[in-house]
Every structure is written in structure tokens, then in C-alpha cells.
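1. pasting the sequence and the predicted coordinates here, then a few questions.
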Amino acid sequence: MHYFKLTIAYDGTDFHGWQIQASKPTVQGEIVAVLRRLTQENIQLYGAGRTDAGVHALGQVGSFRTRSGLSATEFQRALNALLPAGIRIVGAEETGPDYNARWSAKGKIYRYRMYRGKVVPPFLWRYVLHYPFPLDEDAMHEAAVRFAGTHDFTSFAASTGSEDDDRERNMVREIFSTELKRTDDGEELWFTVHGRSFLRYMVRKMVGTLLDVGRGKLKPADIDALYELKDRSKSGPTVPPQGLYMVRVEQDEPFRG
């Protein structure tokens, strides 16, 4: 048996997220279909995390095992030849049996892009949130740092749809660092967050809350109050998915046999 790690980049525009869904194109589904074609095996692909419909990735990570004699380089070449153009395998390597993309993940970095210019270029509108209106960015900076640390993020996550399941979920997450900055050209505002793991819609709710701070609807100190309230209706809106990117997955070094 051979074990492989894939580093994957994708444009999420045309996909219904990462996870396989019946009758809908997904990133995981497309890759699995090609791997099964190449190996003639019932390949299972494990991802480091799930991205929602419309969310992009620069460094998603997946792993699978196979009896195939193809090398990592051959898998990478064949996958890139057969996958849709919106998905690319940017790295492939053989690992050992103890490696699993999901369970080996120690942290993830996400970034959300907000375009601040008056007119968003036509080549960018699928990849940013266009927000040309006035914002108090100093207040947003003050609010952004309040997301760092270990907190209950109930106010910043989507419901499962079940009150019982919501009550049983562990909503505490550790955020290692956050950064809110203008790009060098001054046209974009980037919110980058580095954490151990994330809840569904968590980063998008954090950005929506930062925008509410920038608009004056909330104050930076309200972030701390929202942790205590545990009420998602009191935080900012869930911003659209197209501005969000999974930048990198931090993992234990894959063991090589």
C-alpha cells in the first residue's frame, strides 16, 4: 500500500464546496473521480478542512492511499491533466501510513479580501468582496486583535439547524493571531486569521462583525461582549464566500516509510 499527500489550490466559484455531494460538483468529488479513474480503486480522499461553496484555496491538503504503482510526480501530472482547470495539484508527495490530512492538521490560515476601490476590476469581482463605502479602519484594527486567544465563538458561527446539536457542540476555538491590513497598492483590505480549527462560517461572521465595527454599528469592545452573549444574531452578518481563501494548512511532518 502507498500513501500520498496532495497540496491543492482551487477557484471555488464553480464548485459546491469541498465535500462530496450527490449530483453537485465539488472539489473533493472531482479529485476522487480522477483518482478512481487512474487507479481503478475505490479511493477515499481525506481533506484537512471543508470549505463552503464559493470559497477558494491556495493550500488545501488531502491524503489518500492506493495500491497503484504510480509515483507522486506521476499522480500530480495525471491529476492536473484530467481535472477541471479550476483545480490544481500544486504539490504531491508519498508519505507513510500514519499520515492523514485531517488528523495531522495543527493549524490553518484563512484570508478574506475586501476591495475598497470605487470600481472593482472585472477580473477580480469573483474573488473579493467589493466594499467602497467609508469605514473606520482604526476601529476595525482594534476589534480584529480581540479575536486572538481562546474563546467561545458561538456568536460567530452558523447553526447546525438543530438546537440539540448546537448545545452539544464544542464552540471553543483557539485563534493564534489575526491581522488586518491594506495591500501595498491600497486597493484591498485583507483580514488574515491563524487558528487551530474553525467553525462553519466563523471567519465570514468575524469579517461581517469587523465591517459593522467599521460602519459604527458596533464598537471594538463589543467583541468581548459577544463572546459572553453566545448569540449569533447580535454579531455582524455572514459576508459572501467569494472573498475567502484557505491560505495554508500547518501539519505534522508526514512520516515517510
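-> Thanks, I have it.
2. contacts, neighbours, all on C-alpha from now
-> Noted.
3. what strand or helix carries the residue lying closest to His16 once chain neighbours are set aside?
-> In this structure, His16 finds its nearest non-sequential neighbour in Ala53, 4.2 Å apart by Cα to Cα, 6 or more residues apart in numbering. Under DSSP states H and E, no helix or strand contains Ala53.
4. name all residues that make contact with Ala53.
-> Gly12, Thr13, Phe15, His16, Gly17, Trp18, Pro241 (Cα atoms under 8 Å, 6 or more residues apart in numbering).
5. in a helix, Asp212, correct?
-> Yes: assigned with DSSP: H, G, I helix; E, B strand; the rest coil, Asp212 falls within a helix.
6. look up how far Pro220 lies from it.
-> Separation of Asp212 from Pro220 (Cα to Cα, to the nearest Å): 10 Å.
7. backbone dihedrals for Trp103, both of them.
-> phi -80, psi -20 (degrees, to the nearest 10).
8. can you pull the contacts of the residue lying closest to it once chain neighbours are set aside?
-> Distances taken as Cα to Cα, 6+ apart place Ala48 nearest to Trp103, at 7.4 Å, with adjacent residues excluded. Counting by Cα under 8 Å, 6+ apart, Ala48 makes contact with Gln60, Val61, Gly62, Ala101, Arg102, Trp103, Ser104, Ala105, Val249.
9. same check on Ala57?
-> Contacts of Ala57 (Cα under 8 Å, 6+ apart): Ile8, Ala9, Tyr10, Asp11, Gly12, Tyr245, Met246, Val247.
10. which of these lies closest to Thr39?
-> Ile8 (19.3 Å; Cα to Cα).
11. so the closest one, which state does it fall into?
-> With three-state DSSP as the basis, Ile8 sits in strand.
12. how close does it get to Arg37?
-> In terms of Cα to Cα, Ile8 sits 19 Å off from Arg37.
13. so which of the two has more stuff around it?
-> Using other Cα atoms under 10 Å, the more surrounded residue of Ile8 and Arg37 is Ile8, with 21 against 13.
14. residues contacting the more buried one?
-> Going by Cα under 8 Å, 6+ apart, Ile8 touches Ala57, Leu58, Gly59, Gln60, Val61, Gly62, Ile87, Arg88, Ile89, Val90, Gly91.
15. give me the element the second one is part of.
-> Under DSSP H and E, the secondary-structure element containing Leu58 is strand 56-66.
16. by contact count, what packs against the next helix or strand along the chain from that strand?
-> Later in the chain than strand 56-66, the nearest helix or strand by DSSP H and E is helix 72-82. In this structure, helix 72-82 packs against helix 27-39, strand 87-95, with contacts taken as 3 or more Cα pairs under 8 Å, 6 or more residues apart in numbering; DSSP states H and E.
17. turn those into JSON lines, including mean pLDDT and distance to Asn170.
-> Shown next, in JSON lines, are the helices and strands packed on helix 72-82 (pLDDT from 0 to 100; distance: least, Cα to Cα, whole Å):
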{"stretch": "helix 27-39", "mean pLDDT": "97", "distance to Asn170": "26"}
{"stretch": "strand 87-95", "mean pLDDT": "97", "distance to Asn170": "31"}
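18. of the ones you listed, which is nearest Ser155?
-> With Cα to Cα as the yardstick, what comes closest out of the helices and strands packed on helix 72-82 is helix 27-39 (28.8 Å).
19. what helices or strands is that closest one leaning on?
-> So helix 27-39, by 3+ Cα pairs under 8 Å, 6+ apart, packs with helix 72-82.
20. picking up where we left off before, filter the contacts of Ile8 down to the buried ones, ChimeraX style.
-> Remark: buried members of the contacts of Ile8, expressed as a ChimeraX selection using 16 or more other Cα atoms under 10 Å:
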select :57,58,59,60,61,62,87,88,89,90,91
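21. mind listing residues that contact stretch 211-231?
-> In contact with stretch 211-231 (Cα under 8 Å, 6+ apart) are residues 134-137, 139-140, 142-143, 146-147, 151-155, 209, 234-236.
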